[in-house]
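fold the stuff below for me.
(chains A and B)
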Amino acid sequence: GQSLEQPSEVTAVEGAIVQINCTYQTSGFYGLSWYQQHDGGAPTFLSYNGLDGLEETGRFSSFLSRSDSYGYLLLQELQMKDSASYFCAVTNYGGSQGNLIFGKGTKLSVKP
Amino acid sequence: NAGVTQTPKFRVLKTGQSMTLLCAQDMNHEYMYWYRQDPGMGLRLIHYSVGEGTTAKGEVPDGYNVSRLKKQNFLLGLESAAPSQTSVYFCASRTGTGGNEKLFFGSGTQLSVL
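Modelled structure (predicted):
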């Protein structure tokens, strides 16, 4: 089967840095994605890692280690608007090509 | 460019009733997905499609059927609704080409089964 593990909640203060970890177990792993979802809204894409290493997009960075089945999302210079849920997701190939599974999400609360 | 459009946005059903949720995308995407979201459970994959005329089961397919007769549309059907199917349903699509895994989501359908 497939599984993704990420912390359920994280709290940080405005201006700080926070890291949200994601570990996964899946067959036919292709890549790891991250999505943001504000309360009452739809998920929106943040980043994708298909290769090991760090991908940077503005204040957000995402890291992948395929050998460790591990990745993380790094949010810098936190702002109040970053309060949201963050989901990691794995994409598979081969027999499950197209299969895209999400973790249960991490609720980030940014305090003043 | 509307992106991904879901209809209806809200629906209340009685146990045993049937309904179809429609998802339409205008981005010529190959891959389309139906997810349900329940508190504390994240997004769970119901069914997905990797191209016109194809469908595949996801994590929680029981009680649902899907069809992809046209590339731009992906329909989710509930033949006999149950209270356990009360949820928020999201449709999503992506190109499917290597290295581009960005999912585009619709705005969601809030379904209540009484």
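
residue ranges with poor pLDDT in chain A?
Chain A contains residues with pLDDT under 70 at A:94-96.

count of neighbours near the residue nearest to residue B:87 when sequence neighbours are not counted?
Spatially, and ignoring its direct neighbours in sequence, residue B:87 is nearest to residue B:36 (4.3 Å; CB to CB, 6 or more residues apart in numbering or on different chains). Just so you know, the C-beta spots here come from the backbone N, C-alpha and C atoms, and that holds for glycine as well. Here the number of neighbours of residue B:36 (other CB atoms under 10 Å in any protein chain shown) works out to 23.

show me what the helix or strand hosting residue B:36 is packed up against.
Taking DSSP states H and E as the definition, one finds residue B:36 inside strand B:31-38. For strand B:31-38, the elements it packs on are strand B:19-25, strand B:42-49, strand B:73-78, strand B:87-94, judged by 3 or more CB pairs under 8 Å, 6 or more residues apart in numbering or on different chains; DSSP states H and E.

for the closest residue to residue B:4 other than its chain neighbours, give me the pLDDT.
The spatially closest residue to residue B:4, leaving aside those adjacent along the chain, is residue B:106, at 4.1 Å (CB to CB, 6+ apart). For residue B:106, the pLDDT comes out at 97.

and residue B:85, its phi and psi?
phi -90, psi 0 (degrees, to the nearest 10).

that one - how many residues pack around it?
By other CB under 10 Å, the residues close to residue B:85 number 19.

so how far is chain B from residue A:98?
4 Å (CB to the nearest CB, to the nearest Å).

surely that residue and residue B:56 touch.
Yes: between residue A:98 and residue B:56 there is a contact under CB atoms under 8 Å: 7.0 Å.
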